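>>> What follows is a protein structure lacking sequence information:
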């Protein structure tokens, strides 16, 4: 073998070795590991006894996931949101802050993405929040989170979701019901909206559609609703997002006659 080939194989070997080291480092230096390291440091500062300090020092990086009841979702959000069930972190910065509704929706049953949106199996912040190419269910921000309540709570207003309640009231007041059907009620000129929230997850799409239907759906005969105040368009958007098909395992148990009489 000529010296030239020896050098070529040597350079190729070094190059492959460097690629291996880069891959090894990228596998070690993960987003979720950095968040867990930061959380362990915060947890250590909150330790009150020597035993608690030792417990924190013994913690290691952990791959965490929750299978959401009745769905194919496998949520990994708690790999970074480590303080959501611990009241000691009620004033902590995100992603470590305690979740405000712990008793109502146990995480081992509901997970996170069924209510908040986002990409369930992701392990980086950008992917988990879902605003990435080829993922149509971004994280619901701010007031749009109220939409998730309407997927399960169908029969009454939900405390803490005023925008959802407003959207439910606005819908029959607008000409929408003449063209669209929801759960068998309404016209058939336009698409059935019973589960429209399961098909379109992005709030910005609905806002654009209400203001300029033809720009978002070419050939649409739907009139523009840009004359409505922005707050009402948001309320209608929340209502549309709430029209989702939810697994029976997550739906509230039907109220019995005996339970109704005790109210």
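In hand now; what should we look at? Fair warning: this is a prediction, and the values are worked out from it, not measured in the lab.
>>> doesn't residue 77 make contact with residue 121?
No - between residue 121 and residue 77 there is no contact under CB atoms under 8 Å: 10.1 Å. (C-beta placed from N, C-alpha, C; glycine too.)
>>> neighbour count winner among those two?
residue 77 (24 against 13; other CB atoms under 10 Å).
>>> Contacts only, for that one.
Counting by CB atoms under 8 Å, 6 or more residues apart in numbering, residue 77 makes contact with 111-113, 116, 118, 120, 128.
>>> cool, residue 187 as well?
177-181.
>>> Redo the contacts of residue 77 as TSV? Include neighbour count.
Shown next, in TSV, are the contacts of residue 77 (neighbours: other CB atoms under 10 Å):
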residue	neighbour count
111	25
112	23
113	26
116	20
118	21
120	23
128	27
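>>> Closest one to residue 157 out of those residues, please.
residue 116 (20.8 Å; CB to CB).
>>> what are the ranges of the strands in the stretch 1-150 of the chain?
66-67, 74-75 (DSSP state E, counting those that start in this stretch).
>>> circling back to that earlier point, just the buried ones from the contacts of residue 187, in PyMOL syntax?
In PyMOL, a selection of the buried entries from the contacts of residue 187 looks like this (16 or more other CB atoms under 10 Å):
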select buried, resi 179+180+181
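>>> any chance of the contacts of residue 187 in JSON lines, plus distance to residue 95 and pLDDT?
Output for the contacts of residue 187, formatted as JSON lines (distance: CB to CB, whole Å; pLDDT from 0 to 100):
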{"residue": "177", "distance to residue 95": "41", "pLDDT": "91"}
{"residue": "178", "distance to residue 95": "45", "pLDDT": "91"}
{"residue": "179", "distance to residue 95": "42", "pLDDT": "93"}
{"residue": "180", "distance to residue 95": "38", "pLDDT": "95"}
{"residue": "181", "distance to residue 95": "40", "pLDDT": "94"}
